[in-house]
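Colleague: Here is my input, please return the structure:
(one chain, ligands or ions: 1)
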Amino acid sequence: MAAGAFPDFVEQVGLIDHHVHGAFRSDGDEARFQNSLNEGNTEPLAHPEDTYNTQIGLAIRRWCSGILDLPRHASPSDYWNRRSELGELEVSRRMTRAAGVGDWLIDTGLDAADYLSRADMAEVSGGRTHEIVRLEMVAESLIQEIANPSEYVDEFGQRLQELTRSAVGFKTVLAYRAGFDQNLSRPAPAAVVEAARRWQENTRAGTHAKLTDLTLIAHGIYTATSMKLPLQFHVGFGDRDLDLHKTNPLHLLDFLRSPEVRETPIMLLHCYPFEREAGYLAHAFENVYIDVGLAVNFTGSRSRDLVARSFELAPFTKILYSSDAFGPAELHYLGARLWRTAITKVMSGWIDDDDCSEADARKIVQLVAHENARRVYALP
Ligand SMILES: [Zn+2]
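Modeller: Residues are numbered from 1 along each chain as shown. Here you go, the predicted model:
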């Protein structure tokens, strides 16, 4: 194959973003933009301008300036002025279209008026969208609606069954609500009903609207695994509400060994800084898949090493692309941009060192870019 053709191939390969949220819909101030460039801090930043002095700040000025007709490395003030001039919706349109993503698998658990809905994302980006349903949200609406907690088990199962007609997968935020260092065996129906009764009483007394009860979360997970659709787990890096050390995916070993879950694809999202542990699990369990989304954006130029580490133990048929973008559409674009840059660098090295042929490298790129996601989620 012609020299130099491989980078062009990576530039043009179509992506499926298998974990993403809506982009901003309406205009906001610079503080909203700056705060959106910090994932971990849940409070308004005392010095929001510091977010430009980060890997993601550099990456946005390097890669996103051109999409807004600015020279590379535009200053933060020039970047913000141009962004404001275009308006949020136009920024969202340009960035999502520049990403080269054909299908967005949208986690609708963070939907709010400020963000483009699934239908809007399709229109603005020109791509297709698919829904991933959060199990904890199904439970949170169910507990408000049922008259008697004894109906909880049957009703929850029926709702998930109905959702399998429209959704392509489920997601759990167990990492946020309880952590992985727990007994994750399947709870007995009587224990589930008792937990539902307690939760409903608390909810009616005005507390605990959010599902944090381990029995009910585990019940949600096992009910979902019986539906056989892929089940996404938030793993690792996220905001500081989660205890990061309790989201090491190795805590999931007993759960993954359980025969009941072996037929269900388990999708470990983000994984940073546990991408090596996640890679081991993808190697050890037929039904485990990984991505390094989210951290690719936040590690900027260092994402090349992160992407390289994701290609250690995990079989290439078990690695997927995602951005986990949410809010500023720079994140929807940058996830794809940095991934293309990283994978070109990593695999060109393999080709140069004769670790693989260029044909092998192209095949691997196609698997991770879209083939694995299309197969696992059974997308059309
Ligand atoms: Zn997410």
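Colleague: all strands of the stretch 251-380 of the chain, in order?
Modeller: For the stretch 251-380 of the chain, the strands defined by DSSP state E, counting those that start in this stretch cover 266-270, 288-290.
Colleague: Can you lay out those strands as JSON lines showing mean neighbour count?
Modeller: (C-beta placed from N, C-alpha, C; glycine too.) Compiled in JSON lines, the strands of the stretch 251-380 of the chain are given as follows (neighbours: other Cβ atoms under 10 Å):
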{"stretch": "strand 266-270", "mean neighbour count": "26"}
{"stretch": "strand 288-290", "mean neighbour count": "25"}
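Colleague: And these: which comes nearest residue 57?
Modeller: Smallest distance to residue 57 across those (Cβ to Cβ): 20.1 Å, for strand 266-270.
Colleague: strands paired with the closest one, and their directions?
Modeller: strand 231-235 (parallel), strand 288-290 (parallel) (DSSP bridges).
Colleague: Now mean pLDDT and distance to residue 223 too, for those, in JSON lines please.
Modeller: Formatted as JSON lines, these follow (pLDDT from 0 to 100; distance: least, Cβ to Cβ, whole Å):
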{"stretch": "strand 231-235", "mean pLDDT": "98", "distance to residue 223": "10"}
{"stretch": "strand 288-290", "mean pLDDT": "98", "distance to residue 223": "20"}
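Colleague: quick one: low-confidence parts of the stretch 1-150 of the chain?
Modeller: 1-4 (pLDDT under 70).
Colleague: how about the strands in it?
Modeller: Under DSSP E, counting those that start in this stretch, the stretch 1-150 of the chain gives strands at 15-20, 101-107, 128-134.
Colleague: what's the most buried one of the ones you listed?
Modeller: strand 15-20 (a mean of 28; mean count of other Cβ atoms under 10 Å).
Colleague: Need the residues that contact that strand.
Modeller: For strand 15-20, the external contacting residues (Cβ atoms under 8 Å, 6 or more residues apart in numbering) are 99-107, 132, 171, 232, 267, 269, 291, 293, 320-326, 332, 335-336, 339, 369-370, 373-374, 377, 379.
Colleague: do the same with stretch 143-152
Modeller: If you take Cβ under 8 Å, 6+ apart as the criterion, stretch 143-152 is touched by 142, 155, 192-194, 196-197, 199-200, 203, 211.
Colleague: can you do 6 Å?
Modeller: Contacts to stretch 143-152, defined as Cβ atoms under 6 Å, 6 or more residues apart in numbering, come from residues 155, 193, 196-197, 199-200, 203.
Colleague: need the helices for the stretch 151-300 of the chain, in chain order.
Modeller: Using DSSP state H, counting those that start in this stretch, the helices of the stretch 151-300 of the chain run over 152-163, 174-177, 189-204, 214-225, 253-257, 275-284, 295-299.
Colleague: Next, count neighbours for residue 221.
Modeller: 22 (other Cβ atoms under 10 Å).
Colleague: Actually, residue 100.
Modeller: Count around residue 100 with other Cβ under 10 Å applied: 18.
Colleague: separation between residue 87 and residue 247?
Modeller: Distance, residue 87 to residue 247, by Cβ to Cβ, to the nearest Å: 37 Å.
Colleague: Comparing the two, which residue is more hemmed in?
Modeller: Taking neighbours as other Cβ under 10 Å, residue 87 and residue 247 compare with residue 247 leading, 24 against 12.
Colleague: which non-adjacent residue is nearest the more buried one?
Modeller: residue 175 (4.3 Å; Cβ to Cβ, 6 or more residues apart in numbering).
Colleague: CSV for the strands of the stretch 251-380 of the chain, including distance to residue 314?
Modeller: Conversion of the strands of the stretch 251-380 of the chain to CSV gives the following (distance: least, Cβ to Cβ, whole Å):
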stretch, distance to residue 314
strand 266-270, 10
strand 288-290, 6
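Colleague: Take the strands of the stretch 1-150 of the chain and write them to JSON lines, including distance to residue 277.
Modeller: Shown next, in JSON lines, are the strands of the stretch 1-150 of the chain (distance: least, Cβ to Cβ, whole Å):
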{"stretch": "strand 15-20", "distance to residue 277": "18"}
{"stretch": "strand 101-107", "distance to residue 277": "23"}
{"stretch": "strand 128-134", "distance to residue 277": "23"}
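Colleague: Residue 349: which of these is closest?
Modeller: Nearest of the strands of the stretch 1-150 of the chain to residue 349, taken as Cβ to Cβ: strand 15-20 at 21.5 Å.
Colleague: Put the alpha carbons of that closest one into CSV.
Modeller: Output of strand 15-20 as CSV, limited to C-alpha atoms (Å, rounded to 0.1, in the frame of the first residue of the first chain):
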residue,chain,number,x,y,z
LEU,A,15,-17.1,6.4,13.9
ILE,A,16,-19.8,5.1,16.1
ASP,A,17,-19.7,7.0,19.4
HIS,A,18,-21.0,4.4,21.8
HIS,A,19,-21.3,6.6,24.9
VAL,A,20,-22.2,10.2,24.6
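Colleague: okay, the angle between that strand and strand 231-235?
Modeller: Going by axes from the mean of the first three to the mean of the last three Cα atoms, to 10 degrees, strand 15-20 is angled at 70 degrees with respect to strand 231-235.
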